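K.L.:
sequence first, then the predicted structure, then my questions.
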Amino acid sequence: MGFLIECRTCGSQVSSTVKMCPNCGERSPEPYKDRLSAGAKKDNRPPLSESMTIGAGGSPMDFPVLETERLRLRMPTRSDASDLFRYFSLDEVTRYYDLDSFTEIRQAEELIYTWSERYAHREGIRWGIVLKPSPGRVIGTCGYHNWAKAHRKAEIGFELAPEYWRRGLMTEALEAIVGYGFSRMALNRIEAYIDPDNFASRRLLENAGFSEEGYLRDCFFEKGRFADAVLFALIRRDYVEVHP
Ligand SMILES: CC(C)(COP(=O)(O)OP(=O)(O)OC[C@H]1O[C@@H](n2cnc3c(N)ncnc32)[C@H](O)[C@@H]1OP(=O)(O)O)[C@@H](O)C(=O)NCCC(=O)NCCS
């Protein structure tokens, strides 16, 4: 399944599955599968310059919009705060999250601000998820944080409003951002730390090809207590094997 990427020559949005930009003829969109396999032959690590593709200038203008069959993944903005507040105020959403349920819309605004600052400093990227028929309403978010460029790795995170659970939507979003992470951010390793009881996240990650690597005791201090975590990871070479 493809998603939209930006042609580095003319800047137009083109499908990740095409070999050549239909607008300017440039081959620079380089479908990520080609780039991955080409890179893997010489060196598992792609050139560092490629890792800078994420928001070339870290400005909202550069923010990569990804598309899947049902979803558009775009930059969350302050005007999305009420959508985020609506679902982040529900305990069922924050149960396994390192956040207490929101009680004020200001908390959603601050979260969006944190994500935009991270993006501006190229420390991470968080997409707002909208359904294509209703692009004004954010139904969840997903993305990368703790991006350790020297080690070519980052952590993935995600959440969806409960009324959209169990429709395969996050599976679809994850497929797009994992592809983006390996191709455009030049990641070699994508990590996910989940609560041991978070069965939905476990299943989601396993389906996406992540492997369970270990049980981490007292891994985080959150909500006033130490919490265990299970570490999942997806390695570039394993991903390439199933996405040749
Ligand atoms: C985790 C979450 C994003 C999953 O999103 P989703 O769109 O419902 O997931 P999908 O529909 O793509 O389902 C992925 C897999 O997980 C399974 N799954 C999803 N929710 C489940 C649940 N509550 N219990 C058991 N399995 C579940 C699905 O059945 C599917 O597996 P299958 O295809 O083998 O049947 C969603 O449950 C959520 O937002 N949870 C709250 C926030 C959260 O915990 N975030 C993660 C913090 S680490």
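P.N.:
In hand now; what should we look at?
K.L.:
ok, now which ones touch Ile129?
P.N.:
Applying C-beta atoms under 8 Å, 6 or more residues apart in numbering, we find Ile129 in contact with 71-73, 138-142, 160, 169, 173. C-beta: built from backbone N, CA, C; applies to glycine.
K.L.:
that one: what secondary structure?
P.N.:
strand (DSSP: H, G, I helix; E, B strand; the rest coil).
K.L.:
quick one: it from Ser59, how far?
P.N.:
The gap separating Ile129 from Ser59 is 21 Å, by C-beta to C-beta, to the nearest Å.
K.L.:
the contacts of Ile129: which two are farthest apart?
P.N.:
Arg72 and Leu160 (14.5 Å; C-beta to C-beta).
K.L.:
the two: who's more crowded?
P.N.:
Leu160 (21 against 18; other C-beta atoms under 10 Å).
K.L.:
pLDDT score assigned to that one?
P.N.:
With respect to pLDDT, Leu160 has a value of 98.
K.L.:
contacting residues around it?
P.N.:
With C-beta under 8 Å, 6+ apart, Leu160 has these contacts: 87, 129, 139-140, 169-170.
K.L.:
Glu126 sits in which helix or strand?
P.N.:
One thing to correct before we go on: residue 126 is Arg, not Glu. Arg126 is part of strand 125-131, with elements assigned from DSSP states H and E.
K.L.:
report the rounded mean pLDDT for that strand.
P.N.:
Rounded mean pLDDT across strand 125-131 is 98.
K.L.:
contact partners of the following helix or strand past it?
P.N.:
Next helix or strand after strand 125-131 toward the C-terminus (DSSP H and E): strand 134-148. Contacting residues not belonging to strand 134-148 are listed as 72-74, 76, 80, 83-84, 87, 115, 118, 122-131, 153-161, 164, 169-170, 173-174, 177, 181, 185, 187, 190-191 [C-beta under 8 Å, 6+ apart].
K.L.:
what subset of those residues is buried?
P.N.:
In the contacts of strand 134-148, burial by neighbour count holds for 72-74, 76, 80, 83-84, 87, 115, 118, 122-130, 153-161, 169-170, 173-174, 177, 181, 185, 187, 190-191, counting by 16 or more other C-beta atoms under 10 Å.
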